[in-house]
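Student: Quick check, what structure comes out for this input:
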Amino acid sequence: MLKKIITLTKEEWDQIKDAAEERGLSFGNFLKESVFIRMREDKKLDLAGYLNKYAPFVDEQEQAEYDEMIANGELDLDDMSDASELTLADLESDDEI
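Tutor: Residues are numbered from 1 along each chain as shown. You can find the predicted model right below:
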């Protein structure tokens, strides 16, 4: 058995404690069950769903750079000749893509 320490704000503590009590669970068991539920849900996602849920959109400056590259013909979104397919495992690995 392992023990870990987490840091919560008072508000987070109260919210989790209340949710656990509503379900008749201890604080720790509620957290553990919640994590496993989240992990199961994430495994059901396809790549697009995973990216939509966890990958942030580009900021305005980066989007402006892409727009300029497209306008100048430096970036052609329809040209997939050098593209390769990514899998969820590719994104989860620590290897550089």
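Student: so what's the backbone phi/psi at the residue of the chain most remote from its centre?
Tutor: Relative to the C-alpha centroid of the chain, counting by Cα atoms, centre = their mean, residue 72 is the outermost residue, at 32.7 Å. Per-residue torsions, residue 72: phi -90, psi 0 (degrees, to the nearest 10).
Student: from now on call the first residue 627
Tutor: Sure, I'll start numbering at 627, so the last one becomes residue 698.
Student: mind checking how far it is from residue 705?
Tutor: Per Cβ to Cβ, to the nearest Å, residue 698 is found 14 Å from residue 705. Placement of C-beta: from N, CA and C, glycine included.
Student: Repeat that for residue 667.
Tutor: 35 Å.
Student: Between those two, which has more neighbouring residues?
Tutor: The residue with more neighbours, out of residue 667 and residue 705, is residue 667; 11 against 8, by other Cβ atoms under 10 Å.
Student: Need the contact partners of whichever helix or strand the more buried one is part of.
Tutor: Following DSSP states H and E, the helix or strand that holds residue 667 is helix 653-670. For helix 653-670, the surrounding residues in contact (Cβ atoms under 8 Å, 6 or more residues apart in numbering) are 642-643, 645-646, 649, 651, 676, 679.
Student: May I ask which two of the residues you listed are separated the most?
Tutor: Within the contacts of helix 653-670, 643 and 676 form the most distant pair, 30.6 Å apart (Cβ to Cβ).
Student: what sits against the residue most central in space within the chain?
Tutor: Nearest to the mean C-alpha position of the chain, counting by Cα atoms, centre = their mean, stands residue 680 at 2.7 Å. Residues counted as contacts of residue 680 (Cβ under 8 Å, 6+ apart): none.
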